[in-house]
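Chemist: Output the structure for:
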Amino acid sequence: MQGAMSENIRHYLEVFRSLTYDAAGSGTPHERLSRLVSRVATELRWDVCSIYVLDEAGGSLVLTATHGLDHRSVGRIRIPIAEGLVGCAASEEKPIFLANAAQDARFRYFPETGEERFVSMAAVPMMRDGRVSGVLTVQTVEPYEFSTADRHFLEILAQHIAQVVDVALTLRSVRSSRVHAFHGTAVSPGIAEARVHLFESSPDRITVAARGFRGLDFEMKLFEKAMSAALAEINQLVHQLNSISPPAAQIFIAHRMMIEDPMFQQDVRKHISKDSESAPRAVAKVMNAYIEKFASIGNPVLQEKSSDLKGLRDTLLRLMMDEKVTRFAPEFEEENMVVVARELTPQQMFQLDASKVVAVLTEKGSESSHVAIIARALNFPAIVGVEAIIDSLHPEDRVLVDGASGYVFVNPDEDLKKQYFARMEENRRRVASIDAELTGAAIPPDRVESDVFLDANIGLPFEIEEATKKSFTAVGLFRTEFFYMQHRMWPDEKVQRAFYARLLNAFPTDTVAIRLLDIGGDKFLSYLPAAREENPHLGFRSVRLLLANPEILRSQIRAIHEAAKETGKIPRILVPMVTHTWELVAVKEILLDVTQGVAYPMGIMVEVPGALFQIEEFAAEADFISIGTNDLAQYLLAVDRNNARVNHLSHPLHPSLLRALSHLRKSLAAAGKPYSVCGEMAGDPISAMALLILGYRHLTIAPPRVSEIRYMLRCLPKELLPTMADPLLSMGEAGISEKILRLALREHAPLLA
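Modeler: Numbering: from 1, shown residues only. Below you'll find the model as predicted:
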């Protein structure tokens, strides 16, 4: 058994996806869960796999499904909480791994199950929303020492199965015998149901993304309009880039030559007139033929040309899509849509009509990706990492999106929708209760809230108004890249100045920290072409790109300076991803040159591990410091936040990250400069509580998260935090730290637990 199991460790993650279909397939809940435990047992080669579901009313765990034990015991075995190994795993919220289970004092034998021949046992609590919902067990006939990898993956598997069990039980009253479901990573909570909108520019999906032929005259005029609009965009880009980056301008000059090429135009018109193809399909066919030809040539320069042509193809398709004729036939247009895509760049997110989009699904991405951050800011449900969903959908399909569990149901029936919307109503009542707790009452002096400062963390223009509605008086981080992503070409300084003036005027009584353009990694501007890099997150990005393109930096600083003069405000300037003190000094020199000697408070983002050990040097040059936990965690743990295959290796309560943040806070306190935390950790009650325990008292959070954080601050007594610091920093597992924090929240802030 030992050898067989070690061979199968790598299959744990592969099993997760298949469990989704077991939960949502045909049959009763019992049949669905029986398939689930059988799949886990057979594919991972355990002799027994069982699920015990918590019956809160009865205070016991009920054997709900099993593979390997006597099936007649299902529904009959009820284990009181804290009794036996299964009960102890639930009551202590702690997994149990035993090579010889019968020798443990907590062991209890149930003769009805026929388990006398099984020796080793693992009992892992299944958690939903921070509470135990059941216990997953596996057993073996031969003695088996559970390896570290076994323990880790079984805990991940238990959390995944907790969601699957929840869905299976939810489906128990659905009339349809089959419900097609998908599962991904939930990144923005909420529930929505609407027709799908397939957002996909990939050539192999153009038949789904485009509509049929609408007549020769219509298609020819559409093609001509798209070419004219593309040439206008390209000419303006060439004009701007000639002064900033002549090599980049040459890329778009080549695009212009391609569009003006008579052979290209002739081929497209031929497909329209002779083959009765729609203009988008004709363009896609011709461009894809060129792309394939260049890609097949061994010359690297010509292969790079293939990539350029993809961008030109997508530009033409986008311009034709602006006419609202290429995605769906009119009968498929909806006021509410669920956008489904392979992946969405921040630019593409901004192209969406927020008044019509009710949810977003992507096949790629992670919880800390920029798509997730933007979805949370827009306050609609989002799920990423939903593998293979696009190829399974049709334009007429409707989907139900559960942004809390990560489940997507295709063409759900009325019973299922009623159950989910009842959950949504329950959550609304919880949110209303939190808001009621915050209304009117004075801040108790013995609570944490009286010592903590909360600033807004925003980037989308509409968030300015959202922040003021949520009573924010200051902005600890304004991410300017999203403003620039909304434009198809570099905005002139008049447009920039007007925007920054609007931002500064919205917060007349306090400070606004404006982060300089943070481009690179997984963020880019369509009008600022970047060279391909093997490791873009470690490459030419952020302050490195700004200093290499000083005209871009100068343009942004001039616009901020002019807005400051117009409004009479003194903004703070935040420099992203600083790794050397000279970078900060260089930006200062450019600022003083542009403003003719007018200085503004300038700070740095601490986002790379190296900065942890240079705080004294940075503090000597910086006026304030902001800690970006998203990138800091990514770099510290070497986990790409956009890679779903390694997401399970990252956790905001990872011991290394917590200890690094503790070390950093002590260094910052000694340096004597103001500091705050602006990453996603600050906006989640569990990880925000960890930051408070570590000594942080200035948090920068997104407006939608503020009510929960304020409620937590109002509930937590000041004397609690110092007592939790040593236990938190001594924990060797993120899961144990999370348990400690959840127990504290459950006691003091029950509406969050």
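Chemist: Buried residues in the helix ranked longest in the chain, which are they?
Modeler: What stands out as the longest helix in the chain, according to DSSP state H, is helix 216-244. When neighbours are counted by 16 or more other C-beta atoms under 10 Å, the buried residues of helix 216-244 are found to be 219-220, 222-223, 226-227, 229-230, 233-234, 237-238, 240-241. Where you see a C-beta, it was placed from the backbone N, CA and C, and this is true even at glycine.
Chemist: Mind picking the lowest-pLDDT entry from the residues you listed?
Modeler: The lowest pLDDT within the buried residues of helix 216-244 belongs to residue 241, which sits at 66.
Chemist: thinking again about what came up before, and the buried residues of helix 216-244 as a markdown table, adding distance to residue 573?
Modeler: Rendered in a markdown table, the data for these read as follows (distance: C-beta to C-beta, whole Å):
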| residue | distance to residue 573 |
| --- | --- |
| 219 | 50 |
| 220 | 51 |
| 222 | 45 |
| 223 | 46 |
| 226 | 40 |
| 227 | 42 |
| 229 | 36 |
| 230 | 36 |
| 233 | 31 |
| 234 | 33 |
| 237 | 27 |
| 238 | 31 |
| 240 | 24 |
| 241 | 25 |
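Chemist: in the stretch 101-250 of the chain, which ranges drop under the pLDDT threshold?
Modeler: Along the stretch 101-250 of the chain, the parts satisfying pLDDT under 70 run over 168, 170-179, 200-212, 241, 243-248.
Chemist: Please apply the same query to the stretch 551-700 of the chain.
Modeler: Those would be 641-645, 647, if you go by pLDDT under 70 across the stretch 551-700 of the chain.
Chemist: which non-adjacent residue is nearest residue 650?
Modeler: The shortest distance from residue 650 to any residue that is not its chain neighbour, by C-beta to C-beta, 6 or more residues apart in numbering, is 4.1 Å, and that residue is residue 639.
Chemist: What's the separation between residue 701 and residue 472?
Modeler: Counting by C-beta to C-beta, to the nearest Å, the gap between residue 701 and residue 472 amounts to 9 Å.
Chemist: Also residue 408?
Modeler: Relative to residue 472, residue 408 is positioned 34 Å away (C-beta to C-beta).
Chemist: how about the helices of the stretch 151-300 of the chain, start to end?
Modeler: For the stretch 151-300 of the chain, the helices defined by DSSP state H, counting those that start in this stretch cover 206-209, 216-244, 246-260, 262-275, 279-295, 300-321.
Chemist: The stretch 401-550 of the chain too?
Modeler: Ranges of helices in the stretch 401-550 of the chain, per DSSP H, counting those that start in this stretch, are 414-438, 463-469, 481-485, 493-505, 543-548, 550-567.
Chemist: Give me whichever of those helices is most buried.
Modeler: For these, the largest average neighbour count (mean count of other C-beta atoms under 10 Å) is found in helix 481-485, namely a mean of 22.
Chemist: Using PDB, list the CA coordinates for that helix.
Modeler: Once side chains and other backbone atoms are set aside, the C-alpha atoms of helix 481-485 remain, and they are given as PDB (Å, rounded to 0.1, in the frame of the first residue of the first chain):
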ATOM      1  CA  GLU A 481      -2.900  52.000 -13.900                       C
ATOM      2  CA  PHE A 482      -6.600  51.200 -14.200                       C
ATOM      3  CA  PHE A 483      -7.300  54.800 -15.300                       C
ATOM      4  CA  TYR A 484      -4.800  54.400 -18.100                       C
ATOM      5  CA  MET A 485      -6.100  51.000 -19.000                       C
END
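Chemist: check contacts around residue 154.
Modeler: The contact partners of residue 154, by C-beta atoms under 8 Å, 6 or more residues apart in numbering, come to 12, 95, 122, 124, 136, 138, 146.
Chemist: scratch that, residue 37 is what I was asking about
Modeler: For residue 37, the contacting residues are 49-51, 65-67, taking C-beta under 8 Å, 6+ apart as the criterion.
Chemist: switch to 6 Å and redo it
Modeler: Residues touching residue 37, when contacts are defined by C-beta atoms under 6 Å, 6 or more residues apart in numbering, comprise 49, 51, 65, 67.
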